[in-house]
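Peer 1: Output the structure for:
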Amino acid sequence: MTSQYSIHAFLAGSAFTAALFFLYHKTHSQTRPTRVQSQRHVNQITDSSCTAAAASTELMDSPLLDQRMIRKAEGAIRNRTSRLVIVVERCTNDHNYSAILRTAEALGVQHVWIISPSFIQPTLVDGTHVAEPETTQCTDDKYICLDTVTETTKLKSSTGQTVKRATESEKRERAMHHLFARKATEWLTVREFDDTKSCIDALRADGRQIWVTDLSQVAVCLTEGGLMQYLQNTRQDLYDGKLIPEKVAIVFGTEAVGCTTEMLNAADVRVYLPLRGFADSLNLSVATALVVHQMFILDPTLVGAMSEEERRGLRRDWYARLASQRLLSSSQKKNRAKLITYIRKCEEIGKKINEGERVDPDEVSKWEKMDVKKMELDAIDKKVMLDAQTAVRDLAENPPEPITDMRRADEHRVCYVGRGTKNKYGELWEDMPATANAQAKQMASAAFFRERVDGALEEE
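Peer 2: Prediction:
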C-alpha cells in the first residue's frame, strides 16, 4: 500500500514539475526573445568561421592549385568587414602600431583609423638607414629596414628604454616585424586624423556608434550578458536587435592612460574585456586582438559584411598588386632594388648638401644622377603596373572560386625569423614544415601572371 502511494506521489510530483518548467519556458521565451536570438548568433560562430571550410565548396591551399594567389585574395575579400572600424587614438609605440595593423588584417577588418600622436617611440633605431630591397622604402629617419641592422642599431622596449645586450638576431626579428606590418597595410584602408575631434566628427558623419575601450568601473562588460543587460535596460535607444550595431567603431587609446577624456565623453558605449588575474590591463596590441576577436564571436555576421561595390574595388586593386609583385624576373628585381638603394643614398647626400656638410666629389657626382635614376625606376614601375592591370582585367570582373580556408599548405609555409635564429635552432626545427622551404609550382604565381600578359599582347 505504502509503495503504491509513493509511486502515485512521485508521478504527481513529476507532472507538476514538468508543468512548471513548461510555463517558465513559455514565459521566458515570450519576454526575452532577443536573448534567445542572440544566443543563437553566438552558437553560429562554429558555422560561420570554423566550419566554413567544411562546406560543399571547400577549397584548400595547394601547390597544384591554379590561380592560387588570386583565389587566396578572393577568400580574404569575401571575409572582409566594413561594419567594424578599428580606431587607434594616439598610440605612441611603433611596435604596437605594427601589431595592431597585422591583427586587423588577419581578422578581416578592412578599415583602420589612426589619430596621430605628438610623438611615436620607435623600438628599433639607428643613425642611418637604407631603403630595403624588393620591399618598400623607409619613410622616417627614425626607422631602419631589415637589411640595415648593424652593431650600432639599438633595440628599445615599449617604454623607450634600450634593451641591453640585444643580439643581432633579435634586432632583425624586430625589423622583420615592422616589415610584416608595412606589408599588412597594403591590404588595409588606413585613414589618419590630426586630432580626436575630427575623427569623432567623421565617425558620426559615417553613421557609426562609437564604442570606446575603458578600464573604469562604468564600462560595460564585453560579453553577451553584459551588453544585453546594458542595451535593454539602460540604452534602449541604441539597441536594434543586435549585440553589435550595424555600423560601429571600436576605439583603443594610448598605452599608458588609455583613451582621452574627449573620446570617452563621445562614447555611445564604454566597454571592457573581463580579466581574472591581478593584472587589470593588457598590452595595447594584445587587447586589440582579444577585443576585436570577441566582437566577431558576439556577432558572427560581421564576417564578410561588405558591399559588393567595395569588394569590386578591392579586387581591382589587390589583383593588380599581386600580379605586379610577380611579373619581374629575378634580374629585374635586383636591378630595381639597386635603383631604390641608389636613390635613397642620393637623398641622404642631398640632405648633407642642404645642411652645409662637407661632401666628397664622388658623392656630388652620384647625387647629380639621382633624377635620371628616378626616371628609370618610374618607368619600370609604370610598365609593371600596366602589365599587371592587363593580366587581371577579366579576373577582377569574374573572380575565381575563393580559397575557403586561409591556412597555407605545408609546402608554402615559411619560417619568419632571422638567419641567426634559424641557425641556432636548426637541428630542432629541421623536420618542421615551416623550415622545409619547399617551392610552389610556378603556375600558381609568377608564371601564371606572365602568361596572361603574353596572351593579352598576342590578342592585340
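Peer 1: elements contacting the helix or strand where Val87 lies?
Peer 2: Assigning secondary structure by DSSP states H and E places Val87 in strand 81-89. Counting contacts by 3 or more Cβ pairs under 8 Å, 6 or more residues apart in numbering; DSSP states H and E, strand 81-89 packs against helix 94-107, strand 109-115, helix 196-205, strand 248-252, helix 284-298. The way it works is simple: take the backbone N, C-alpha and C, and place the C-beta from them, glycine included.
Peer 1: how about 10 Å then?
Peer 2: helix 94-107, strand 109-115, strand 189-193, helix 196-205, strand 209-213, strand 248-252, helix 261-266, helix 284-298 (3 or more Cβ pairs under 10 Å, 6 or more residues apart in numbering; DSSP states H and E).
Peer 1: Pull the number of nearby residues for Ala456.
Peer 2: Neighbourhood size, Ala456 [other Cβ atoms under 10 Å]: 14.
Peer 1: pLDDT of the strand holding Val87, averaged?
Peer 2: Mean pLDDT, strand 81-89: 97.
Peer 1: what's the angle from it to strand 189-193?
Peer 2: Put simply, strand 81-89 runs at 40 degrees to strand 189-193, going by axes from the mean of the first three to the mean of the last three Cα atoms, to 10 degrees.
Peer 1: Just the C-alphas of strand 81-89, formatted as PDB.
Peer 2: Taking C-alpha atoms only, strand 81-89 is exported to PDB below (Å, rounded to 0.1, in the frame of the first residue of the first chain):
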ATOM      1  CA  THR A  81      34.100  43.500 -43.000                       C
ATOM      2  CA  SER A  82      33.400  47.200 -43.200                       C
ATOM      3  CA  ARG A  83      30.800  47.200 -40.400                       C
ATOM      4  CA  LEU A  84      33.500  47.400 -37.900                       C
ATOM      5  CA  VAL A  85      36.200  50.100 -37.900                       C
ATOM      6  CA  ILE A  86      39.200  50.000 -35.600                       C
ATOM      7  CA  VAL A  87      40.300  53.400 -34.200                       C
ATOM      8  CA  VAL A  88      43.700  53.800 -32.600                       C
ATOM      9  CA  GLU A  89      43.900  57.000 -30.600                       C
END
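Peer 1: That strand to strand 209-213, inter-axis angle?
Peer 2: Using the same axes, to 10 degrees: strand 81-89 against strand 209-213 is 50 degrees.
Peer 1: Now do the SS call for Asp66.
Peer 2: coil (DSSP: H, G, I helix; E, B strand; the rest coil).
Peer 1: hmm, back to that, pick the most buried one from the helices and strands packed on strand 81-89.
Peer 2: Burial of those is given as mean neighbour count (mean count of other Cβ atoms under 10 Å); strand 248-252 ranks first at a mean of 24.
Peer 1: can I get the CA coordinates of it in PDB?
Peer 2: C-alpha atoms of strand 248-252 as PDB (Å, rounded to 0.1, in the frame of the first residue of the first chain):
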ATOM      1  CA  VAL A 248      30.400  50.600 -35.200                       C
ATOM      2  CA  ALA A 249      33.900  51.800 -34.300                       C
ATOM      3  CA  ILE A 250      35.900  50.300 -31.500                       C
ATOM      4  CA  VAL A 251      38.400  52.700 -30.100                       C
ATOM      5  CA  PHE A 252      41.700  51.900 -28.400                       C
END
